[in-house]
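Q: Turn this into a model:
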Amino acid sequence: MDKQTKVKQASSENSDKVQFVAKARYIRYSPYKLRPIADVIRGKDVVYALNWLTTYRTQRVEPIKKVLESAVANAKNLQNVETSALAIKEIRIDQGPIHRYFKPGAMGRAMVQRKRMSHLSVILEPKN
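A: Here you go, the predicted structure:
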């Protein structure tokens, strides 16, 4: 999983807000299956989101949880911000490349199989 991390300054009207970004690319889950999970934690407190992801019983939460923990670690290492003081400003799951291959089908035909990949990005900011 290719990860990118950075800290960026918010726009000029909120110049005192710092945002913490973590990204993961080429996740081997379809974005259609990851987006409902992201919709639940979008805009929530980080502690609540991590607890919810820990108790939700599916393998699809693992990459989201990993990237969220990476963004929290960025906040701790770069600005020494506590986990309880962070909120999820944005969580975005984008379509990645599609791996296409052929499997045998009925009557000698070839059927196209598609494995979809996702790109995941999480932006955290301190709560007010």
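
Q: mind listing what's buried in the helix or strand hosting Asp39?
A: Assigning secondary structure by DSSP states H and E places Asp39 in helix 31-41. Buried residues in helix 31-41, counted by 16 or more other CB atoms under 10 Å: Pro31, Leu34, Ile37, Ala38, Ile41. All C-beta spots, glycine's among them, are computed from the backbone N, C-alpha and C.

Q: Quick check: the two most widely separated of these?
A: Pro31 and Ile41 (15.6 Å; CB to CB).

Q: need the contact list for Val67.
A: Lys3, Ala22, Lys23, Ala24, Leu120, Ser121, Val122 (CB atoms under 8 Å, 6 or more residues apart in numbering).

Q: Verify the stated contact: Ile91 with Val122.
A: Yes. Counting by CB atoms under 8 Å, Val122 is a contact partner of Ile91 at 5.1 Å.

Q: joint contacts of the two?
A: Leu68.

Q: Let me see the ranges of the helices in the chain.
A: 31-41, 46-55, 61-79 (DSSP state H).

Q: Can you list the buried residues in the second one?
A: I take that to be helix 46-55. Val46, Ala49, Leu50, Leu53.

Q: Name the residues linked to the nearest residue to the first one once chain neighbours are set aside by a beta bridge.
A: Looking back up the chat, that one is Val46. Using CB to CB, 6 or more residues apart in numbering and skipping the chain neighbours, the partner closest in space to Val46 is Leu86 (4.3 Å). Leu86 forms beta bridges with Pro126, as assigned by DSSP bridges.
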